[in-house]
Every structure is written in C-alpha cells, then in structure tokens.
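1. Make a model of this:
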Amino acid sequence: MLFHILGPLEVHTTIPGRLGTGKPATVLAALLLRPNAWVGVDILTEALWPDRTAPASAEANLKTYVWQLRRMLPSHVDGGERIQRTTGAYRMRVAPGELDAVRAAELSAAASAAGSDAEALVLLEDALRLWRGRPFEGVEVDTGALIGLLELHLDLREHLGEVLLALGRAADAATTLRSVTADAPLRESAWALLVRALHASGLRTDALVAYRQATGVLAAELGVGPGPGLVAAHRRALGSTRRELPRDTRLTGRAGELARLLRPAPVTIVDGMPGVGKTALVVHAAHRLAADYPDGQLFVAMTGRTPVAQRLLRGVGITDAPSDPDEQAALWRSEVARRRMLIVLDGARDAAEVAPLLPATSGSRTLVTTTRRGWHLDGAARLALQPLGPDEAAGLFATAAGRPGTETRATAAVLRACGGLPAALLDAAARLLTRPHWTVRRLAEELDEDPCRVFSGAVRQSTSAALTGLDLAEQRVWRTLGTAPAELTATAGNRAAHESLADRGLLEPAGPDRYRSHPVFRHLAACRSALAPRRAA
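-> Next up is the predicted model:
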C-alpha cells in the first residue's frame, strides 16, 4: 500500500516516510481526497492558502510542489504518469490497493456482503486496523471533504459492534458502541445497538440509562423522539424489567371483589381492617392484569424506610436519582409517562404519600392498599374489603389446615373466634398444621384459653402497623376493647380516639357514636404482650 491517509499522511515507497506539514503534503492530501479525479488548480490553490489571498506566484509555486511530489513518488502507474496535468487541473492516479481509504471502503462493502458474522468480523477488523488516527492528521484539508472518511470509520465501528453482538460477545460490542455514541451522539442506530448490547450483557440498568441519554440528546439537538429501532431496543431491555409482584395465592371467595378490582381504572384504593386480605386480593388481581402492562410491574411496601419515589425510580433503572423528594417524584412521573406499568403501593398511610407518585398519563395503573379510611384521591375507584362470609371462611380454614370439616361444633367455634378475618384463619390453620396430633376441638380449646398464642403470626404482622403511633387516649380505648362488649358507645371525651381507631381499621362504625369491634381485635386488646401499645416513658 503506497498511500496512507487514515492518520498522519504517509507515503510508503522503499522506506515509509511522512511528508510533514509542508505545502507538498497539502497538495498531495488534496489530490488523494479525490483519487483518479481531476482536481482544479483553483481548489489546490485554496487548499494551499486557505486563510489569505494567494500570492501572484501561486501557480508557479504549485508546479514546484507537484515537481517535488513527482520526484518522491513512483513516476508511473499502469503504464501512465503518476501525476497527470491538463489545462487548469491535476490528477493523482492511484492503482487498486495503493490507498488505505479505498481499501477500507472495499473491506466495509465485503463485510456487508459476507456470508457469516464470523467472516464479517475478520473483514471489519482488517479495515479498522488501517486507521492510525484522524485522517490527514497534521495536514490542513477541507473539513467537508473529510466527512466521508469520518462516516466510513463510524460505519465500520458500528457494524463491528453489531457483529460482535450477533456473535454473543455483548460486552465487547458495548465497549465498541459506547465509543461510537461518544463520537457521534446523534447516531441513533448506534444507540439502539448499545442498548441491546448492554441488555445482553446483563446490564439492564445501564441499558435503560443509555436509552435515556439517547432520547435526551435526540430531543435536545434535533427535537425528535426515538425511532423504531431505538424503541424496539428499549422494549427489549424492558422485557426483563422488574416483575416484582409477590407470589400469587389462590383466593377463597372474593369473586365479586376481584371482578370490581379488574375493572378499568387508573387508580384503585382497597381499604379494610388489618388482616382482612387486602394485599392478597390486590396481588392476585395484579397477576391477572400483568399482561396488559408490558413495561413492568412494581410492588412497593410503604414501610417508610426508603423514599418510595426513589424506590420506584430504581425499578425503572434510575440509580442516580436526585436527593430532593419533590424532584424524585417529578422524575418518576416523567419516566412512567411513556410506559405502561402496573404499580402496587401496599400499606399507604394517606393521600399526601400517594398522590405525588401517581402517573399523570392513562397508560399505567396503580393499586393501593390501606387500613386507613380517612383519606381519598380524586378520581380513584374505592373498594372496602370486608371479612369473609361463613361459607368462605370455612372453605379457607379447611383448605389452609388440610383438615376436612368433620368436627362441626369445634370448627364453628374456631370460625367464630376468627370472625372471617383471613389472617386469623391462616394463623389458626397454621396451628393445626404444625401440630398434626391436635384435633380441631383442641384448637378451639386453645383459642378459648389463650387466643394470643394462636393469633401470633399473620394477625400480629398485619395489625402491628395499625397500632404504631397511637397516642395515649387511643391506647386507652384500644385496651378497653378487651373487656368491652362487641358494640360500644363513644363519649364526648373519647370520641376522637374512637374515630382514629376506626380510621385505622381497628373499629367499625355502627351508627352515631356507635362502634363495633372485631372478635380478633378484642382478643388482641386483652393480650398482655408486645403487641399491645406501651405507654411512652
């Protein structure tokens, strides 16, 4: 190969050498930008003196520079002169295989027509090895004339990334494509391949971040959204997005409630007393709805330990969330706006906690569970979940305990103690499962003697959050439930405390200043255990 322009300009005759940055090198560069084509004297003169008026001796000087090149280069090629002259123009004749840029273009075309990815990889690597830096490095040439060479280099690198990805070398592909997008941030096809390569490498979060960077620069610089290729790559990355729904369980009863929950609504709030099965119902419904929300399903327990917006942002691949909670919520709404997602917020406390997290568009759906009834959201559907009826409660207990309902009287006593509360029924069934020598009658006796020992699992877990944060007046009312009748009347002095317990699902309103307590909660209120609220020191 005689001429090397893909880097510092070099001519390889007997001994490879660089021409430096003088005028002869400028003339040679201008001729090699248009190999085998006539280049006008005016173009060569402009290349020699780009920033000032050419001197009167310009044409004579040009002849001198051409003469110097003729002395340095082989004088003939294919039976003709190397540098030819006609009226007002010169031409550099280049034989096949003599110019590295032409060879690189030939290898690129061969790689595109290759019969296999392995063959294409060899051809692309051979082409890229011809590059030693920026074309004509150190020699001033027309920038516009360089565009084709720079595009060729980008095409080769992007094609290499695509072939590496096809060959299963996703990490190498991602490295190559990162360099392409860094050099050409408006090259959308390279961004699409990069998202695919990062996803194939197991770097799902990085893939989603790359998609955000691509859409951001396209919007900012061109004012356009992502094209089909980039959108498809994004959806492929989201195909392995978080599917966080807890394990589904078979519901006993609840057919009517489930049908209501499956009706279209952007936001649905499910409230009910602790342990009534809100989470189980919502999770079961979410599994039924999941196929309609291909961009992912997120499940967040509203425990207060982690900012919920930050937790949701991690679910869509954003790890560099802002520290300000308002900015986190705004960024979350922006991210979810272009997705179809199902979001479950389990155990919400109030509207102020939930409202900033709701998607502003109709493509996603949010299911919210809460034990607190004193709040609502505009436009949200609401479902108040009640304890199971007698038949449903008996079915759940028999299924969970794995015992046929032969001991009718004892079973009825257990069911009365549980009051249709699923958490209590599951605790009672677990008692039997872990004590296979027990009869249902023995369980009924245990519930009569010390229900707190039985209701120490699911009931304790579901009720503890509702009991957290009770003030002294509310604690006093709670403790009285253990000895009070099922229905009680509030007085002017403790009406607010009764209302607060009702809002927390620990009492049921039964009329003006009248409240009904659930049998399980009466048992718990009578317990002298860690479950009972303690007076602050």
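2. So in this protein, which helix runs the longest?
-> helix 143-166 (DSSP state H).
3. ok, and what's touching that one?
-> Applying C-beta atoms under 8 Å, 6 or more residues apart in numbering, the external contacts of helix 143-166 come out as 5-6, 33-34, 101, 104-105, 108, 111-112, 117, 120-121, 124-125, 127-128, 131, 135-136, 170, 172-174, 176-177, 179-180, 183-184, 187, 189-190, 193-194, 196-197, 200. No exception for glycine: its C-beta is placed from N, CA and C like everyone else's.
4. in this protein, what secondary structure element scores lowest on mean pLDDT?
-> Taking mean pLDDT, DSSP states H and E as the measure, the chain has strand 16-18 as its least confident helix or strand, at a mean of 51.
5. Counting neighbours, which bits of the longest helix of the chain end up buried?
-> 145, 149, 152-165 (16 or more other C-beta atoms under 10 Å).
6. I'd like to know which of the contacts of helix 143-166 are buried.
-> 5-6, 33, 101, 104-105, 108, 111, 120-121, 124, 127-128, 131, 135-136, 170, 172-174, 176-177, 180, 184, 187, 189-190, 193-194, 196-197, 200.
7. about what we covered before: can you list the neighbours in contact with the helix or strand just after the longest helix of the chain?
-> Next helix or strand after helix 143-166 toward the C-terminus (DSSP states H and E): helix 170-183. If you take C-beta under 8 Å, 6+ apart as the criterion, helix 170-183 is touched by 154, 157-158, 160-162, 164-165, 187, 190-191, 193-194, 197-198, 200-201, 203, 210, 213-214.
8. Restricting to C-alpha, output helix 170-183 in PDB.
-> Provided in PDB are the C-alpha atoms of helix 170-183 (Å, rounded to 0.1, in the frame of the first residue of the first chain):
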ATOM      1  CA  ALA A 170     -22.100  -8.500  24.100                       C
ATOM      2  CA  ALA A 171     -19.600  -6.900  26.400                       C
ATOM      3  CA  ASP A 172     -17.100  -6.200  23.600                       C
ATOM      4  CA  ALA A 173     -20.000  -4.900  21.500                       C
ATOM      5  CA  ALA A 174     -21.000  -2.500  24.200                       C
ATOM      6  CA  THR A 175     -17.400  -1.200  24.600                       C
ATOM      7  CA  THR A 176     -17.200  -0.500  20.800                       C
ATOM      8  CA  LEU A 177     -20.600   1.100  20.600                       C
ATOM      9  CA  ARG A 178     -20.000   3.300  23.600                       C
ATOM     10  CA  SER A 179     -17.100   4.800  21.700                       C
ATOM     11  CA  VAL A 180     -19.300   5.400  18.600                       C
ATOM     12  CA  THR A 181     -22.100   7.100  20.600                       C
ATOM     13  CA  ALA A 182     -19.400   9.300  22.300                       C
ATOM     14  CA  ASP A 183     -18.000  10.400  19.000                       C
END
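9. how distant is that helix from the center of its chain?
-> On the basis of C-alpha atoms, centre = their mean, to the nearest Å, helix 170-183 sits 20 Å off its chain's mean C-alpha point.
10. just checking, what packs against the very next helix or strand once past it?
-> Downstream of helix 170-183, the first helix or strand assigned by DSSP H and E is helix 188-200. On a contact count with 3 or more C-beta pairs under 8 Å, 6 or more residues apart in numbering; DSSP states H and E, helix 188-200 meets helix 143-166, helix 170-183, helix 204-222, helix 228-238.
11. and helix 188-200 with helix 204-222, angle?
-> 170 degrees (axes from the mean of the first three to the mean of the last three C-alpha atoms, to 10 degrees).
12. ok so, going back, show me what secondary structure element comes after the least confident helix or strand of the chain.
-> helix 23-32.
13. Which residue ranges of the stretch 401-537 of the chain form helices?
-> 408-418, 422-433, 440-449, 451-454, 458-467, 472-480, 495-503, 519-526 (DSSP state H, counting those that start in this stretch).
14. CA atoms of the first one as PDB?
-> The C-alpha trace of helix 408-418 is given here as PDB (Å, rounded to 0.1, in the frame of the first residue of the first chain):
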ATOM      1  CA  THR A 408     -68.700 -29.400  63.100                       C
ATOM      2  CA  ARG A 409     -69.200 -27.800  66.500                       C
ATOM      3  CA  ALA A 410     -65.500 -27.300  67.200                       C
ATOM      4  CA  THR A 411     -65.000 -25.900  63.700                       C
ATOM      5  CA  ALA A 412     -67.800 -23.400  64.200                       C
ATOM      6  CA  ALA A 413     -66.200 -22.300  67.500                       C
ATOM      7  CA  VAL A 414     -62.900 -21.700  65.600                       C
ATOM      8  CA  LEU A 415     -64.600 -19.800  62.900                       C
ATOM      9  CA  ARG A 416     -66.500 -17.600  65.400                       C
ATOM     10  CA  ALA A 417     -63.200 -16.700  67.100                       C
ATOM     11  CA  CYS A 418     -61.600 -15.800  63.800                       C
END
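15. in that helix, what's buried?
-> Quick answer for helix 408-418 (16+ other C-beta under 10 Å): 410, 411, 413, 414, 415, 417, 418.
16. Domains of this protein: list them as residue ranges, please.
-> 1-167, 168-240, 255-384, 390-456, 465-526 (automatic domain parsing).
17. how about JSON lines for the ones you listed, with distance to residue 248 added?
-> Shown next, in JSON lines, are these (distance: least, C-beta to C-beta, whole Å):
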{"stretch": "domain 1-167", "distance to residue 248": "36"}
{"stretch": "domain 168-240", "distance to residue 248": "20"}
{"stretch": "domain 255-384", "distance to residue 248": "4"}
{"stretch": "domain 390-456", "distance to residue 248": "15"}
{"stretch": "domain 465-526", "distance to residue 248": "23"}
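18. Which one, of the ones you listed, ends up nearest to residue 249?
-> Residue 249 lies closest, by C-beta to C-beta, to one member of the domains of the chain: domain 255-384, at 5.8 Å.
19. Distance across that closest one, terminal residue to terminal residue?
-> Length of domain 255-384, first residue to last, C-alpha to C-alpha, to the nearest Å: 14 Å.
20. what do you get for stretch 161-176?
-> Its first and final residues considered, stretch 161-176 spans 6 Å by C-alpha to C-alpha.
21. Same check on stretch 269-276?
-> Terminal residues of stretch 269-276 are spaced 14 Å apart (C-alpha to C-alpha).
22. how about it: buried residues?
-> Across stretch 269-276, burial judged by 16+ other C-beta under 10 Å covers 269, 270, 271, 272, 273, 274, 275, 276.
23. Check those residues and tell me the two furthest apart.
-> Across the buried residues of stretch 269-276, no pair lies farther apart than 269 and 275, at 17.9 Å, counting by C-beta to C-beta.
24. picking up where we left off before, mind putting the helices and strands packed on helix 188-200 in a markdown table, mean pLDDT and distance to residue 524 included?
-> Below are the helices and strands packed on helix 188-200 laid out as a markdown table (pLDDT from 0 to 100; distance: least, C-beta to C-beta, whole Å):
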| stretch | mean pLDDT | distance to residue 524 |
| --- | --- | --- |
| helix 143-166 | 90 | 59 |
| helix 170-183 | 95 | 55 |
| helix 204-222 | 90 | 43 |
| helix 228-238 | 84 | 44 |
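25. could those go into JSON lines alongside distance to residue 457?
-> Listed next are those as JSON lines, based on distance: least, C-beta to C-beta, whole Å:
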{"stretch": "helix 143-166", "distance to residue 457": "50"}
{"stretch": "helix 170-183", "distance to residue 457": "46"}
{"stretch": "helix 204-222", "distance to residue 457": "36"}
{"stretch": "helix 228-238", "distance to residue 457": "37"}
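26. average pLDDT for stretch 99-114?
-> Averaging pLDDT along stretch 99-114 yields 92.
27. Kindly report the same for stretch 294-304.
-> The average pLDDT within stretch 294-304 is 86.
28. that older thread, closest one of the buried residues of helix 408-418 to residue 232?
-> Closest to residue 232, out of all of these and judged by C-beta to C-beta, is residue 418, at 52.2 Å.
29. Done for today, thanks.
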